[in-house]
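1. How does the following fold in three dimensions:
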Amino acid sequence: LAINACILSDAFGIGIEKMAEMSDLNYNLMRSTHEDFMRIETLCAANDMVGNLIHSLPIFKLWNIMDDKMLADADGQKLATSESTIQSRYSKKYLGKSPGLSIYTLIANFVAANAKNIGLNEYEGHALYDVIQGNKTNINIDMVTGDNHSLNKLNFVILDSIDVDYVPSIKDIKDAANNLYSVKTTDNYTGIIRSQGVIDKNLIKSKKSGILRVLLSLLLQENTQSTIVRKLNSYARYTGLKKALIEYNSIFKSTHVLNLIDNMALRKAIRTARNRTEAYHQLQGLIRKIYRGIFKGKKIENNQISAHAVRLVANSIIAYNAIILNTVYERMLAAGTSLESVDEFARISPIAWSHIAFTGKYNFRKSDGDIDVDAMVNELEKHLKRYFWKVD
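-> A predicted model of the protein is given here:
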């Protein structure tokens, strides 16, 4: 019970003192529990268990955007801090006069599979590989998208090394189409879309060993992606290697731009994945702001614990909704419901919170934890049958 209270206090950003005042647990119990059990490792393990639970539900596959591949999305959300740490930075655009940090989250079929705290001065694209490689759930990521902030000159190559297709959402596709590179000379292309330059294949071949060394360093987790980028940009002896990686990356980027132009289904899938992430950010932001909570940690580790606590609460709400929706889905299949009704039902998002009471007095001791899921499913089933679930 005290662990639940500690998780909520960190998720809300109010601290155990405030939670002790608004619950039936005393402060000393919560303090000792927080010191003994609230760790980054335990919270990440709990998040992985919740993610695996959602992944095991039959309805999970119904939420797949792509038929044969798992498409995920990564994006950051800026939230305020009260104490000065190395990661705390000012951003007038997002936080006004308050310092803050960014929670960079990997979303796959509504599940927050992984997250990482980064400073507002850090580029989101330099953390993309790390959040994908750090995903310990059973959800295997085949494709990942992101906004323009996820783009850099290495991500296509780096993600290809772990068999992940990088398909970012490009804001200005017209400008990107004017910066395509090809293997053959430009006079071989006479269509509307033409190549701007030729890939230097000899440079890539000459730096093959260096490219492999960089990719192996990431695969073996000897360095993070941000560290690799920093080293490549800081030392003159890596100039040739950096140019070779950029040339190699241009091949994948040019191919992706052409696919975006030609494949409408891919564009719709990317937009859907991006919308799911925005919905998750709304839920995560509500959890943080419901009591006007902010990151109060004086150390980076404390803010990381708070961020993973928010993710755990959000994932638990999504799992709660997913279990209800999955029960309805199984009943629909058993009743022989039409495919059209099932497809329409699949549009219902598990990211919803209007039925969740965040405020009030928390009675942890009086609650036995039992939830009558069948009763809620019966009410939801009646509503669905009334509006679009037609029974033959």
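
2. Can you report how many residues lie near the closest residue in space to A346 that isn't next to it in sequence?
-> When the adjacent residues along the chain are set aside, A346 lies closest to L62, with 4.7 Å between them (Cβ to Cβ, 6 or more residues apart in numbering). Where C-beta positions appear, they are placed from N, C-alpha and C, glycine not excepted. Around L62 sit 16 other residues, with neighbours defined as other Cβ atoms under 10 Å.

3. quick one: L62 from E381, how far?
-> To E381, L62 is 17 Å away according to Cβ to Cβ, to the nearest Å.

4. show me where the stretch 1-150 of the chain has strands.
-> Assigned by DSSP state E, counting those that start in this stretch, the stretch 1-150 of the chain shows strands spanning 71-80, 89-90, 99-108, 111-119, 143-145.

5. Which among those strands is found nearest to Q304?
-> strand 111-119 (5.4 Å; Cβ to Cβ).

6. what angle do the closest one and strand 99-108 make?
-> Counting by axes from the mean of the first three to the mean of the last three Cα atoms, to 10 degrees, strand 111-119 lies at 150 degrees to strand 99-108.

7. Just checking: what are the partner strands of strand 111-119?
-> Sheet pairing of strand 111-119 (DSSP bridges) gives strand 99-108 (antiparallel).

8. quick one on the thing from earlier: wait, the residue nearest to A346 touches I348, no?
-> No. The criterion here is Cβ atoms under 8 Å, and L62 misses it with I348 at 10.2 Å.

9. Show me the common contact partners of these two, please.
-> Common neighbours of L62 and I348 are not found (criterion: Cβ atoms under 8 Å, 6 or more residues apart in numbering).

10. What residues of the helix or strand encompassing H308 count as buried?
-> If you go by DSSP states H and E, H308 is part of helix 300-334. For helix 300-334, burial by neighbour count (16 or more other Cβ atoms under 10 Å) applies to 302-329, 332.

11. what angle do that helix and strand 71-80 make?
-> Using the same axes, to 10 degrees: helix 300-334 against strand 71-80 is 140 degrees.

12. can you start the count at 154 instead of 1 from here on
-> Renumbered: residue one is now 154, and that last one reads helix 453-487.

13. which other helices and strands contact helix 453-487?
-> The elements that helix 453-487 packs onto, with contact taken as 3 or more Cβ pairs under 8 Å, 6 or more residues apart in numbering; DSSP states H and E, are helix 155-165, helix 193-209, helix 212-215, strand 252-261, strand 264-272, helix 417-442, helix 492-498, helix 526-540.

14. switch the cut-off to 7 Å
-> Helix 453-487 sits against helix 155-165, helix 193-209, helix 212-215, strand 264-272, helix 417-442, helix 492-498, helix 526-540, with contacts defined as 3 or more Cβ pairs under 7 Å, 6 or more residues apart in numbering; DSSP states H and E.

15. mind giving me JSON lines with those and columns for distance to K337 and mean pLDDT?
-> Supplementary listing: those in JSON lines, determined by distance: least, Cβ to Cβ, whole Å; pLDDT from 0 to 100:
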{"stretch": "helix 155-165", "distance to K337": "55", "mean pLDDT": "91"}
{"stretch": "helix 193-209", "distance to K337": "44", "mean pLDDT": "96"}
{"stretch": "helix 212-215", "distance to K337": "41", "mean pLDDT": "94"}
{"stretch": "strand 264-272", "distance to K337": "40", "mean pLDDT": "94"}
{"stretch": "helix 417-442", "distance to K337": "25", "mean pLDDT": "94"}
{"stretch": "helix 492-498", "distance to K337": "44", "mean pLDDT": "86"}
{"stretch": "helix 526-540", "distance to K337": "56", "mean pLDDT": "82"}
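
16. on that earlier part again, the residue nearest to A499 and S494: what is the separation?
-> From L215 to S494 the distance is 12 Å (Cβ to Cβ).
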